[in-house]
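*Asks:* Whatever this is, show me its structure:
(chains A, B, C and D)
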There are 2 protein chains.
Amino acid sequence: MKSADLCPRFETGMELLSKRWNGFIIFRLLEGSQRFSELESSLPISGRLLSERLKELEAAGITTRTVYPDTPVRIEYELTEKGRALRPVITSIREWAEKWVNPEELDSMNQ
Amino acid sequence: MKSADLCPRFETGMELLSKRWNGFIIFRLLEGSQRFSELESSLPISGRLLSERLKELEAAGITTRTVYPDTPVRIEYELTEKGRALRPVITSIREWAEKWVNPEELDSMNQ
DNA sequence: ATATACTTGTTACTTTTCGTAACCTCGTTT
DNA sequence: AAACGAGGTTACGAAAAGTAACAAGTATAT
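*Replies:* Coordinates of the predicted model:
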């Protein structure tokens, strides 16, 4: 950023949320831990990108990946405390959307 | 979205914010109306994309574009009521970031 | 009248990211 | 040993973003 008064931390946070799919993945994980296949089937995201995003989120300390050696293997993704702390952000987006997004502009993703 | 319980309005709102640069443009405009050149110089965004984003935001009812026939022409962008209503979202992102983003992970954009 | 300056963009082109579908691995079941 | 199910990975074409040069409109200077 060129400007001095755009807080560097804000930038990092905003970039995290503006990376495609991250907001939706976090939204899902706020409901509780999810398996790879659950995330994949509940969002219009391909395995390739989901895998990539989950690695990035884990590296950023937002999620954890836990392997359960069941049969077949079960892998659960869940939010860390840092990740769960994003709940107010998701909530504020939803509140804004519920008030200001009108039915006509619901995008193609939903149809 | 494949899932039924991901509110369609939330999706639209999340997509708006997850589109690259939108969050930063809104952040700037929350400080007051800005000219094209002010936005361009205060964010690491090129004229091409800034122009594109401002058109999209205007079409979405988030911003307005006002021409003042000064010399040379002056064009001010500002938030509509719908746009200003995003302040709590930006605030919650900043609050999260101030608590959870540690200095080491400040990204390349800031260096 | 022509040239220059300033702001607000736009065009042409390259690089990065995304989307899709086929494929791989590992442990188990048949 | 062949097939299966979960969790990915690879390869490749399509879309979006980044970069830099240029153009339109208007006013002032020469």
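
*Asks:* so what's A:Arg74 closest to, chain neighbours aside?
*Replies:* In space, and not counting its chain neighbours, A:Arg74 is closest to A:Tyr68: 4.3 Å by C-beta to C-beta, 6 or more residues apart in numbering or on different chains. The way it works is simple: take the backbone N, C-alpha and C, and place the C-beta from them, glycine included.

*Asks:* Could you report the pLDDT at that neighbour?
*Replies:* At A:Tyr68, the model reports a pLDDT of 96.

*Asks:* how about the helices in chain A?
*Replies:* Taking DSSP state H, the helices of chain A run over residues A:8-18, A:22-29, A:36-42, A:47-59, A:81-84, A:87-100.

*Asks:* quick revisit: show me what contacts the residue nearest to A:Arg74?
*Replies:* A:Arg74, A:Ile75, A:Glu76 (C-beta atoms under 8 Å, 6 or more residues apart in numbering or on different chains).

*Asks:* Please pick the buried ones from the residues you listed.
*Replies:* Among these, those buried by neighbour count (16 or more other C-beta atoms under 10 Å in any protein chain shown) are A:Glu76.

*Asks:* Using PDB, write down the CA coordinates of stretch A:87-96.
*Replies:* Coordinates of each C-alpha in stretch A:87-96 appear next as PDB, following Å, rounded to 0.1, in the frame of the first residue of the first chain:
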ATOM      1  CA  ARG A  87     -17.300 -15.000  13.500                       C
ATOM      2  CA  PRO A  88     -18.200 -11.300  14.000                       C
ATOM      3  CA  VAL A  89     -16.900 -10.500  10.600                       C
ATOM      4  CA  ILE A  90     -19.000 -13.100   8.900                       C
ATOM      5  CA  THR A  91     -22.000 -12.000  11.000                       C
ATOM      6  CA  SER A  92     -21.600  -8.400  10.000                       C
ATOM      7  CA  ILE A  93     -21.400  -9.300   6.400                       C
ATOM      8  CA  ARG A  94     -24.600 -11.400   6.800                       C
ATOM      9  CA  GLU A  95     -26.400  -8.600   8.600                       C
ATOM     10  CA  TRP A  96     -25.400  -6.100   5.900                       C
END
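
*Asks:* before we move on, the earlier item: kindly reformat the helices of chain A as JSON lines and extend each row with distance to B:Ile93.
*Replies:* As requested, the helices of chain A are exported to JSON lines (distance: least, C-beta to C-beta, whole Å):
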{"stretch": "helix A:8-18", "distance to B:Ile93": "5"}
{"stretch": "helix A:22-29", "distance to B:Ile93": "11"}
{"stretch": "helix A:36-42", "distance to B:Ile93": "23"}
{"stretch": "helix A:47-59", "distance to B:Ile93": "16"}
{"stretch": "helix A:81-84", "distance to B:Ile93": "14"}
{"stretch": "helix A:87-100", "distance to B:Ile93": "5"}
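
*Asks:* Adding distance to B:Glu81 and mean pLDDT, write the ones you listed out as JSON lines.
*Replies:* Converted to JSON lines, the helices of chain A look like this (distance: least, C-beta to C-beta, whole Å; pLDDT from 0 to 100):
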{"stretch": "helix A:8-18", "distance to B:Glu81": "22", "mean pLDDT": "95"}
{"stretch": "helix A:22-29", "distance to B:Glu81": "24", "mean pLDDT": "98"}
{"stretch": "helix A:36-42", "distance to B:Glu81": "33", "mean pLDDT": "97"}
{"stretch": "helix A:47-59", "distance to B:Glu81": "34", "mean pLDDT": "98"}
{"stretch": "helix A:81-84", "distance to B:Glu81": "32", "mean pLDDT": "98"}
{"stretch": "helix A:87-100", "distance to B:Glu81": "9", "mean pLDDT": "98"}
